[in-house]
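**Student:** generate a structure from the sequence data that follows.
(one chain, ligands or ions: 1)
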Amino acid sequence: MSTDKRKSPRPANSRPAQRKQGPRRPPEVDAARQAAFDTLRAVRSKDAYANLVLPEMLRERRVTGRDAALATELAYGTARLSGMLDEIVAACSDRPPSAMDGDVLDALRIGTYQLLRTRIPPHAAVTSTVDLARLAAGSHVAGFVNAVLRRVSAAGEPEWVEQLAPARDTDPIGHLGMRTAHPGWIVRAFAEALGDTGTELEAALEANNVRPDVHLAARPGAISAEELAAITGSEVAPYSPYGVRLEPGGGDPAESGPISEGLAAVQDEGSQLCARAAAEYPLDGTDARWLDLCAGPGGKARVLGALAALSGAELDAVEPAEHRARMVRDAVLDLPVTVHVTDGRESGLRPGYDRVLVDAPCTGLGALRRRPEARWRRVPGDVAGLTRLQTELLSSAIDLVRPGGVVCYVVCSPHLAETEGVVADLLRKADAHRVDARPLFEGVPGLGDGPDVQLWPHRHGTDAMYCALLQKS
Ligand SMILES: C[S@@+](CC[C@H](N)C(=O)[O-])C[C@H]1O[C@@H](n2cnc3c(N)ncnc32)[C@H](O)[C@@H]1O
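**Tutor:** Sure, this is the predicted structure:
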């Protein structure tokens, strides 16, 4: 929660939020709230990603320090909670959010977030939001925004949840959806993957509302995790042998020496573990040709390429999008990796690979904590198209691997249709069998009955990565 207690730029005794007439002077909006508002507007109207737009905007506008921290909290927090904020706004208005002007709705969301989730004094939250709305949509909206926010401010978040959420005992999915700010279909998907609708489900959902630690992956063979931790003043990560957890607030990791020298890269610990699993499953026979079938932007290709170099193997990396293929090339400089710009379903590559990684496009429900708006942008209808693509890519991988070779199927999602569903579907048609992936995640607790591995933010501090290993018969 923000501890921002700065005074509003207005004199303490002025009460513009209660004015009924238009402004007598142009509204003034501080840089932090303006940046948060402009970010939310870009998310809504241009399908932008808040975590890409905001840092760029703060740099361009030279917003730094506490202002940058406030802008970040307001933009990411509001984007993350927007569906829940809309329910509260709806309860305080005579018209539904869908009928409101987009700028007015964005302002109301920011105002509601400030009232419910920060220690910003209510009068400052209301006044600054009225100013934002007036500036964006005209002075005629001031009275409406003021009235809605005054109603919002009559209660705190627990009271609003109590009033608006369904009862937990009769509708735990609906209740937790409101309480943790997730759409119902995502709550249901998490519940099905966890086999739980109680405290563990709540913990898993709450973990999506916490910004993750930043991890680095030391390049295997170039630097050890211990050396990297010493250089960066951090600690080694608990599970990945390449992982280092950066201290929060330590500045932009991209500017750290080891990254600019190509010795390390920012990468979630779960991704490091999955790349390692693809490289380390023990094989009989040859082990010289490796394939990364969905390589862009190259995070796992970097680890796989380095491990291939250490074991005398070569890696082919496939990515159909040219700009992402370029990112793969940049990630694997000096490594025995060839990048192919092609569709993984019809790559034209010569079969006979010993190992294939399929890190397939997915809903990304396993990385909701990194992408503030993603939970409200994704829709259940996305799942069918993605599972079709995932099955086709996995099937192509089975065609490309040699008998006895291994395919490592990874998605950053716990949705059962994308995980077990895709694997089960493939196994009905392909000449392959599942092997236990858990031994390759040595030391990682809470992996259940296997044979596949599902990591979780609330259990492991990683993204919710799923990893299945299939061996061709
Ligand atoms: C989850 S990302 C892979 C992340 C990557 N392995 C890493 O660690 O950085 C999925 C990638 O698959 C690519 N992709 C989409 N359709 C594809 C296809 N038909 N064949 C191969 N790759 C595809 C996307 O462009 C995206 O870069």
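
**Student:** tell me the residues of the stretch 251-400 of the chain that contact the ligand?
**Tutor:** 271, 293-300, 318-321, 324, 343-345, 359, 361, 393 (CB under 6 Å from any ligand atom). All C-beta spots, glycine's among them, are computed from the backbone N, C-alpha and C.

**Student:** what's whichever strand or helix holds Val356 packed up against?
**Tutor:** For Val356, the host element (DSSP states H and E) is strand 353-359. When contacts are defined as 3 or more CB pairs under 8 Å, 6 or more residues apart in numbering; DSSP states H and E, strand 353-359 sits against helix 269-280, strand 289-292, helix 299-311, helix 382-400, strand 401-411.

**Student:** ramachandran angles for the spatially closest residue to Ala308 that is not a sequence neighbour?
**Tutor:** Spatial nearest neighbour of Ala308, chain neighbours left out: Leu315 (4.6 Å); criterion: CB to CB, 6 or more residues apart in numbering. Leu315 adopts backbone torsions of phi -120, psi 130, taken as degrees, to the nearest 10.

**Student:** toward the C-terminus, what is the element adjacent to the worst-scoring helix or strand of the chain on mean pLDDT?
**Tutor:** When the helices and strands of the chain are scored by mean pLDDT, DSSP states H and E, helix 257-260 comes last with a mean of 90. Counting by DSSP H and E, the next helix or strand C-terminal to helix 257-260 is strand 264-266.

**Student:** that following strand pairs with which strands?
**Tutor:** Using DSSP bridges, strand 264-266 pairs in its sheet with strand 215-218 (antiparallel).

**Student:** for the partner strand, what is the distance to the chain centroid?
**Tutor:** 17 Å (CA atoms, centre = their mean, to the nearest Å).

**Student:** same deal with stretch 89-96?
**Tutor:** Centroid separation for stretch 89-96 versus its chain: 30 Å, with CA atoms, centre = their mean.

**Student:** how about that stretch: buried residues?
**Tutor:** For stretch 89-96, the buried set under the neighbour-count rule, 16 or more other CB atoms under 10 Å, comprises 89-90, 92-93.

**Student:** with stretch 385-403 instead?
**Tutor:** Buried residues in stretch 385-403, counting neighbours by 16+ other CB under 10 Å, are found at 386-387, 389-398, 400-402.

**Student:** also stretch 65-76?
**Tutor:** Quick answer for stretch 65-76 (16+ other CB under 10 Å): 67-76.

**Student:** gap between Val89 and Arg302?
**Tutor:** For Val89, the distance to Arg302 equals 44 Å [CB to CB, to the nearest Å].

**Student:** excluding chain neighbours, what is closest to the residue of the stretch 301-450 of the chain found nearest the ligand?
**Tutor:** Relative to the ligand, the nearest point of the stretch 301-450 of the chain is Gly344 (3.0 Å; CB to the nearest ligand atom). Leaving aside its sequence neighbours, Gly344 sits nearest to Leu293 (CB to CB, 6+ apart; 4.2 Å).

**Student:** state which helix of this structure is the longest.
**Tutor:** helix 65-91 (DSSP state H).

**Student:** which other helices and strands contact that one?
**Tutor:** Helix 65-91 packs on helix 31-46, helix 50-60, helix 102-117, helix 142-152, helix 157-164, helix 374-377, going by 3+ CB pairs under 8 Å, 6+ apart.

**Student:** recalculate using a threshold of 7 Å.
**Tutor:** Under the contact definition 3 or more CB pairs under 7 Å, 6 or more residues apart in numbering; DSSP states H and E, helix 65-91 sits against helix 31-46, helix 50-60, helix 102-117, helix 157-164.

**Student:** quick one: average confidence on that helix?
**Tutor:** Helix 65-91 shows a mean pLDDT of 97.

**Student:** now do Thr286 against Ala313, distance only.
**Tutor:** In terms of CB to CB, Thr286 sits 9 Å off from Ala313.

**Student:** so those two - more neighbours on which side?
**Tutor:** Ala313 (19 against 13; other CB atoms under 10 Å).

**Student:** can you verify Ala193 is assigned to a helix?
**Tutor:** Yes - counting by DSSP: H, G, I helix; E, B strand; the rest coil, Ala193 is found in a helix.

**Student:** how about the nearest residue to it, chain neighbours excluded?
**Tutor:** Distances taken as CB to CB, 6+ apart place Pro414 nearest to Ala193, at 3.9 Å, with adjacent residues excluded.

**Student:** for the one you found, give me its contacts.
**Tutor:** The contact partners of Pro414, taken as CB atoms under 7 Å, 6 or more residues apart in numbering, are 189-190, 193, 365-366, 454, 464, 466.

**Student:** repeat that for 8 Å
**Tutor:** 189-190, 193-194, 365-366, 454, 456, 464, 466 (CB atoms under 8 Å, 6 or more residues apart in numbering).

**Student:** for stretch 33-42, the distance to its chain's centre please.
**Tutor:** So, by CA atoms, centre = their mean, the centroid of stretch 33-42 is 20 Å from its chain's centroid.

**Student:** ok, and what's touching that stretch?
**Tutor:** Contacts for stretch 33-42 (CB under 8 Å, 6+ apart): 29, 48, 50, 53-54, 57-58, 61, 63, 70-71, 74-75, 78-79, 102-103, 106-107, 109-110, 128-129, 132, 136.

**Student:** what's the ChimeraX line that selects buried ones from these?
**Tutor:** Entered in ChimeraX, the line below selects the buried ones among the contacts of stretch 33-42, by 16+ other CB under 10 Å:
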select :29,48,50,53,54,57,58,63,70,71,74,75,78,79,103,106,107,109,110,128,129,132,136
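
**Student:** burial of the closest residue to Val161 other than its chain neighbours, as a residue count?
**Tutor:** Excluding its sequence neighbours, the residue lying closest to Val161 (CB to CB, 6+ apart) is Arg179, at 5.2 Å. Here the count is done by other CB under 10 Å, and Arg179 has 20 residues near it.

**Student:** and for Leu310?
**Tutor:** Using other CB under 10 Å, Leu310 is surrounded by 12 other residues.

**Student:** that one contacts Pro220, correct?
**Tutor:** Yes - checked against CB atoms under 8 Å, the pair Leu310 and Pro220 is within contact range at 6.1 Å.

**Student:** and the pLDDT at the closest residue to Pro451 other than its chain neighbours?
**Tutor:** Excluding the flanking residues, the one nearest Pro451 by CB to CB, 6+ apart is Asp436, at 4.2 Å. The model reports Asp436 with a pLDDT of 98.

**Student:** ok, now which ones touch Asp436?
**Tutor:** 450-451, 469.

**Student:** buried subset of those?
**Tutor:** Buried members of the contacts of Asp436, counted by 16+ other CB under 10 Å: 451, 469.
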